[in-house]
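Engineer: when you get a sec, could you give me coordinates for this:
(3 chains, ligands or ions: 3)
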Amino acid sequence: MTNSFDAIVVGAGVVGASCAHYLVEAGLSVAVVDRGSVAAGTTGAGEGNILVSDKEPGPELDLALLSQRLWTELIDVIGPAIELEPKGGLAVGYEQHTFDHLRAFATEQAACGVVATPVTGADLLELEPNLNPEAAGGVFYPQDMQTQPMLAAAHLIARGVRMGRITLHTNANVVAIPRDARGAVTGVETTTQTLQAPLVVNAAGTWGGEIAALAGVNVPILPRRGFILVTEPLPVIVNRKVYSAEYVANVASDDAALQTAAVVEGTHSGTILIGASRERVGFDRTLDWTVVQRLAQQALQLFPRLAQASLLRTYGGFRPYCPDHLPVIGPDARVPGLMHACGHEGAGVGLSAATGFLIAQAAIGVSPLLSLAPFAAERFDAHHVAVVHA
Amino acid sequence: MPIMWRSFMPNLPVNSVHIRIDGNDVAVRPGISVAAALLTEGYRSWRTTRGQQQPRGIFCGIGACFDCLVILNGQPNVRACMTTVEPGDEIATQEGTGHV
Amino acid sequence: MSDQRDIIIIGAGAAGMNAAYVAAEPGLAVTVVDANPCPGGQYHRRGALEQRYRPSGCSDENRWARVEILSGQQVYAVNSMPDTGHVLVRMRGDERHPHEIGILRARALIVTTGAMDRQLAIPGWQLPGVMAGGGAQSLIKGSGVLPGQRTLVTGTGPFLLAVAASIVQAGGEVAAVIEANAPAGLARHTRKMFPAAVAKTAEAARFAGILARHRVPYLTRRRVTRIAAGAVDTQGRACVSEATVQRIDSQWQPKPGTEQRFDVDCVTLGFGFTAQLDLLLQLGCAITDAPDGGLAVLVDERQATSRPSVFAAGETTGIGGVDLASVEGRVAGLHAAAELTGRAPATALVKSLHRQRRHLHGFATALALAFPVPTQWVNDQPGETIVCRCEEITLGDIRSARDDLGATDPRSIKLLTRAGMGWCQGRMCSFSVEGICGRQANVAAQAASASRPVSVPVPLGAIARDENVMRESAQ
Ligand SMILES: Cc1cc2nc3c(=O)[nH]c(=O)nc-3n(C[C@H](O)[C@H](O)[C@H](O)COP(=O)(O)OP(=O)(O)OC[C@H]3O[C@@H](n4cnc5c(N)ncnc54)[C@H](O)[C@@H]3O)c2cc1C
Ligand SMILES: Cc1cc2nc3c(=O)[nH]c(=O)nc-3n(C[C@H](O)[C@H](O)[C@H](O)COP(=O)(O)OP(=O)(O)OC[C@H]3O[C@@H](n4cnc5c(N)ncnc54)[C@H](O)[C@@H]3O)c2cc1C
Ligand code: FES
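Structural biologist: Numbering: from 1, shown residues only, chains lettered A, B, ... in the order given. Ligands and ions are numbered 1, 2, ... in the order given. Below is the predicted model:
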């Protein structure tokens, strides 16, 4: 087996898988390296919402809209196994003023290409018959979708493996990123072997900062904890992805304290997922029952019928976030051959398709469909001074 | 030909607890579990799975496997092995998620 | 009543009840919480109308008067409060009252949640009429009802004898006992017979005598390879009618041409036991691997876990049977009480308990070595074999996740196939899945797949309304 590739992707999460997929589409041979299994990181600990609805106008929304298009194409490439469902999202306001706020937000989004339709009264209940009828109104976002992120990651990689274009190295911890005299990366060293490639993509999610550090650069990525509640399997009582207006405010928030705003969605298997909390507490996994209670209360406010449903389990993980809440995507000007594709916070599943696509464009030197400037890794350096390496 | 399946043990209290199983009045011994009551009435399964609609009854016997789910007094997904029968109980076989 | 207790014991089996009796020193508020309708645990299970369980040597009713026993209460979560060091015990009512949830606070906790039958997926094991061996015991002991008319008792370990003996004593028929190992191994491993194990050996001999009297064949180095449902019950629904048994090699691979058919309406399966570690894992207690290939919570001489004021005894510390559970329970009770009263327990008593524990422990290890359970063979069965009973995930599904999708460990198998995501939360399939992945030496990975943040389902409505949690968050 050869140890030499056109590109090495560190991280077999949904972002790494998408990068590998589009790199293969661009004609490159790729090694995907993960210290665990496929989807061992945050991809296996989150939900699969592919949302445009929660994003305010700006670079992240542009990325989300591109991703939304690409995901629709991916379904044809990888097939139904990834459980991609274009079910649409519904943001609900209980008070008149939150509904007004939602509508105003939707108008801004619509100017950027988001399809958003305010709905009230009977129309709202037609969309979501079990919704608490006291809601003042909602905004329906038909572009919102859902996938099963672990399956998405696994199938994207498996396809490349079947084609003979991706080599998957699981249980391989990357411990060093060697560089040549010029300072360019030459590949990665894992605990067991050395792999060579002129291009290394850092798709290590929440641990992206560690991989960057191995290459000698600073990329500040921190964990933002989230828990999700899973109910017993139920008949379909939630059709869309339904969330309360507060959710949007929380997503963009800088507050370190606990925030919860329930997003309620059904899954293929019949369980209902209620997510998710957002807290900055480092890598602490201890389940906090006050979080569980708040999520349960918010979910019940949306769907009173859920009161009878049992909580079967909870799970959670650590979203990879950057101080300015934007991901890090593209070549690192400080280290030739190093690219980043990490720090997607609570939207990595949704944004993975566009991220992989843009990385592949950069890899083959095509000018990117979207400007990568807002996502540049160097934006965190004081005065953008490149780190000089000994 | 269905297997007529009744347990028999000496020295046990008489069938004095009146309950209904799938609408039929039956009397069972006091203190036994709902699962045991169903078994003595000849049931070997009392729910179907939600995927393949396969029959399931008691398996682990101690509340760990959730195979023995049943509808008790209108409440679905009750573990029959963990519940003692009470007079007047309405027991009904369950299908799929147990919810309508 | 206040929610504050001095010592809370979770599990009213042999370990928990011995612990409670010993810990109930004057001035200490001791509470036992147990999911079953009445105390006794698995071994001392009894009908709801039978005489209450009192462990032998625990007859001082003045002591029992100080013990509060909450039956029909299932603990779904525990966590320690960083500020006070207290442990919060969250519980819900029984199956009739799942919405009734409560909370208790303890200065010290003793976890004696016991074990469950360890299972391995076999074609047909999901059919009505197939039961866990321990499950058959619980049906007989708890309700006086037989699991079937004619039963094949299969698996491995001396527990098969107990199951078969119970069945015949209750008037049932046992077609045969199918033991995968060779009992000759036991003699080899217990050559240095442990004095404390004499009772257990005598019990086994008694069971063997009962089976001999009932002419129950005891067939070794065989296992059941297929269970089929060719009959229907009184409701017209399919149930077990026959089982195929084959001779096996040391890795439990069946030998072709040795098929033997048994016409039975019940098959019991049991491949040892799995400790119930959910609550201990929630608390972050250190876990270790046990000689039987399973996990156990790590405890010191005092039965103390790695977490402050959290003790464990009985099957949670490694499968060892009821006598060891009783002794460990006493040790845990003594030391938990000592920690709170500041009075050291009598040295002679501690010494004698430690000695008994050492002997019983040695015997348990010998048993584990004499009845090993290889698991790789699970992988070589037909692809349509159901592995995850809840989600009806087949061996074929799991193999393709492993071979085609890059899932190398139980967690990723679960994420990619849903095996272990259903009602039972992997309690029934995890041992099989580990076997299919190739057994992992890695305790941390195994513990990860055994960890369950919610130990029993709780209605969302109950959680949303729980005033205890609201008080917590207000603090
Ligand atoms: C509770 C919760 C809910 C969420 N809900 C959504 C949602 O609905 N929609 C959405 O879009 N996003 C959601 N997210 C966010 C989303 O899960 C993440 O943004 C996304 O999974 C990140 O993917 P990734 O591939 O970048 O990272 P990961 O999946 O974490 O992958 C990184 C990989 O790198 C590997 N790795 C790390 N270090 C090394 C090393 N040294 N050597 C080798 N490998 C290494 C890790 O093992 C890991 O597999 C949610 C997150 C949480 C926690
Ligand atoms: C089904 C079964 C039957 C068995 N039958 C026999 C037998 O006949 N002969 C034999 O020698 N050995 C038998 N065993 C082996 C048995 O494990 C030991 O002999 C003995 O019962 C162990 O005592 P213990 O106190 O450690 O645990 P157990 O006796 O198992 O007691 C644990 C108690 O904790 C309770 N519990 C567990 N989790 C919770 C929770 N979250 N909240 C509240 N309560 C909880 C359980 O309901 C149980 O009452 C059986 C094991 C099982 C699983
Ligand atoms: S039989 Fe397993 S939960 Fe009742």
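Engineer: straight-line length of stretch A:217-236, end to end?
Structural biologist: This stretch, stretch A:217-236, spans 48 Å end to end (Cα to Cα, to the nearest Å).
Engineer: my guess is A:G138 meets A:L90, correct?
Structural biologist: Yes. Applying Cβ atoms under 8 Å, one finds A:G138 in contact with A:L90, separated by 5.1 Å. All C-beta spots, glycine's among them, are computed from the backbone N, C-alpha and C.
Engineer: now for these two: what residues contact both?
Structural biologist: Shared contacts of A:G138 and A:L90, defined by Cβ atoms under 8 Å, 6 or more residues apart in numbering or on different chains, are found at A:V119, A:L124, A:L127.
Engineer: tell me the most packed of those, by neighbour count.
Structural biologist: Neighbour counts for the shared contacts of A:G138 and A:L90 were taken using other Cβ atoms under 10 Å in any protein chain shown; the highest belongs to A:L124, with 20 neighbours.
Engineer: residues contacting the residue lying closest to A:P142 once chain neighbours are set aside?
Structural biologist: Nearest non-adjacent residue to A:P142, counting by Cβ to Cβ, 6 or more residues apart in numbering or on different chains: A:G88, 4.4 Å away. Contacts for A:G88 were tallied using Cβ under 8 Å, 6+ apart; they are A:F140, A:Y141, A:P142, A:Q143, A:D144, A:M145, A:R240, A:K241.
Engineer: count the residues that sit near the residue of the stretch 51-200 of chain A found nearest ligand 2.
Structural biologist: Across the stretch 51-200 of chain A, the shortest distance to ligand 2 (Cβ to the nearest ligand atom) belongs to A:M150, at 28.9 Å. A:M150 has 31 neighbours, counted by other Cβ under 10 Å.
Engineer: any idea of the mean pLDDT for the one helix or strand it maps to?
Structural biologist: Here A:M150 sits within helix A:149-162, counting by DSSP states H and E. Helix A:149-162 carries an average pLDDT of 97.
Engineer: buried sites along it?
Structural biologist: Neighbour-count burial for helix A:149-162, counted by 16 or more other Cβ atoms under 10 Å in any protein chain shown, picks out A:149-161.
Engineer: for stretch A:114-134, same thing?
Structural biologist: A:V114, A:A116, A:P118, A:V119, A:L124, A:L127, A:E128, A:N130, A:L131.
Engineer: as CSV, those with distance to ligand 1 would be great.
Structural biologist: Shown next, in CSV, are these (distance: Cβ to the nearest ligand atom, whole Å):
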residue, distance to ligand 1
A:V114, 16
A:A116, 19
A:P118, 23
A:V119, 22
A:L124, 23
A:L127, 20
A:E128, 18
A:N130, 21
A:L131, 20
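Engineer: mind listing which of those residues are in helices?
Structural biologist: Within the buried residues of stretch A:114-134, residues falling in helices by DSSP state H are A:L124, A:L127.
Engineer: how about the buried residues of stretch A:114-134 in a markdown table, adding pLDDT and distance to ligand 3?
Structural biologist: Converted to a markdown table, these look like this (pLDDT from 0 to 100; distance: Cβ to the nearest ligand atom, whole Å):
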| residue | pLDDT | distance to ligand 3 |
| --- | --- | --- |
| A:V114 | 97 | 48 |
| A:A116 | 97 | 47 |
| A:P118 | 96 | 47 |
| A:V119 | 96 | 43 |
| A:L124 | 95 | 40 |
| A:L127 | 95 | 38 |
| A:E128 | 96 | 34 |
| A:N130 | 96 | 29 |
| A:L131 | 96 | 34 |
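Engineer: now the buried residues of stretch A:114-134 in JSON lines, with distance to C:D380?
Structural biologist: Output for these, formatted as JSON lines (distance: Cβ to Cβ, whole Å):
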{"residue": "A:V114", "distance to C:D380": "53"}
{"residue": "A:A116", "distance to C:D380": "55"}
{"residue": "A:P118", "distance to C:D380": "59"}
{"residue": "A:V119", "distance to C:D380": "55"}
{"residue": "A:L124", "distance to C:D380": "54"}
{"residue": "A:L127", "distance to C:D380": "50"}
{"residue": "A:E128", "distance to C:D380": "48"}
{"residue": "A:N130", "distance to C:D380": "46"}
{"residue": "A:L131", "distance to C:D380": "50"}
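Engineer: report the two of the buried residues of stretch A:114-134 separated the most.
Structural biologist: A:V114 and A:N130 (25.9 Å; Cβ to Cβ).
Engineer: give the contact list for the residue of the stretch 301-450 of chain C found nearest chain B.
Structural biologist: Among the residues of the stretch 301-450 of chain C, C:W423 lies closest to chain B, at 3.5 Å counting by Cβ to the nearest Cβ. C:W423 is in contact with A:E232, A:L312, B:C65, B:F66, B:L69, B:N77, C:C390, C:P457, counting by Cβ under 8 Å, 6+ apart.
Engineer: and which of the residues you listed is nearest C:S400?
Structural biologist: Out of these, the member with the shortest distance to C:S400 (by Cβ to Cβ) is C:C390, at 19.4 Å.
Engineer: any chance of the backbone angles for A:L302?
Structural biologist: Note on A:L302: its backbone torsions stand at phi -70, psi -50 [degrees, to the nearest 10].
Engineer: you'd agree it is up against A:V242?
Structural biologist: Yes. Between A:L302 and A:V242 there is a contact at 5.7 Å, judged by Cβ under 8 Å.
Engineer: what sits in contact with each of these two?
Structural biologist: Going by Cβ under 8 Å, 6+ apart, residues that sit against A:L302 and also against A:V242 are A:V92, A:L131, A:V264.
Engineer: which of those residues fall within strands?
Structural biologist: Among the shared contacts of A:L302 and A:V242, the subset assigned to strands under DSSP state E consists of A:V92, A:V264.
Engineer: would you turn the shared contacts of A:L302 and A:V242 into JSON lines with distance to C:S2?
Structural biologist: Shown next, in JSON lines, are those (distance: Cβ to Cβ, whole Å):
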{"residue": "A:V92", "distance to C:S2": "41"}
{"residue": "A:L131", "distance to C:S2": "41"}
{"residue": "A:V264", "distance to C:S2": "37"}
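Engineer: list just the nearest of the shared contacts of A:L302 and A:V242 to A:V33.
Structural biologist: A:V264 (36.2 Å).
Engineer: give me the pLDDT value at that closest one.
Structural biologist: Reading off the model, A:V264 has pLDDT 95.
Engineer: and for it, the neighbour number?
Structural biologist: A:V264 has 28 nearby residues by other Cβ under 10 Å.
Engineer: so it bridges to which residues?
Structural biologist: A:V242, A:I274 (DSSP bridges).
Engineer: looks like it contacts A:I272 (just checking).
Structural biologist: Yes. Using Cβ under 8 Å, A:V264 is in contact with A:I272, at 6.4 Å.
Engineer: name the residues contacting each of the two.
Structural biologist: Joint contacts of A:V264 and A:I272 (Cβ under 8 Å, 6+ apart) are A:V238, A:L306.
Engineer: quick one: the residue nearest to A:P142 and ligand 3, what's the gap?
Structural biologist: Per Cβ to the nearest ligand atom, to the nearest Å, A:G88 is found 38 Å from ligand 3.
Engineer: circling back to that earlier point, dump the contacts of C:W423 to a markdown table, plus pLDDT and neighbour count.
Structural biologist: Formatted as a markdown table, these follow (pLDDT from 0 to 100; neighbours: other Cβ atoms under 10 Å in any protein chain shown):
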| residue | pLDDT | neighbour count |
| --- | --- | --- |
| A:E232 | 97 | 25 |
| A:L312 | 97 | 24 |
| B:C65 | 98 | 28 |
| B:F66 | 98 | 25 |
| B:L69 | 98 | 24 |
| B:N77 | 98 | 23 |
| C:C390 | 97 | 28 |
| C:P457 | 98 | 22 |
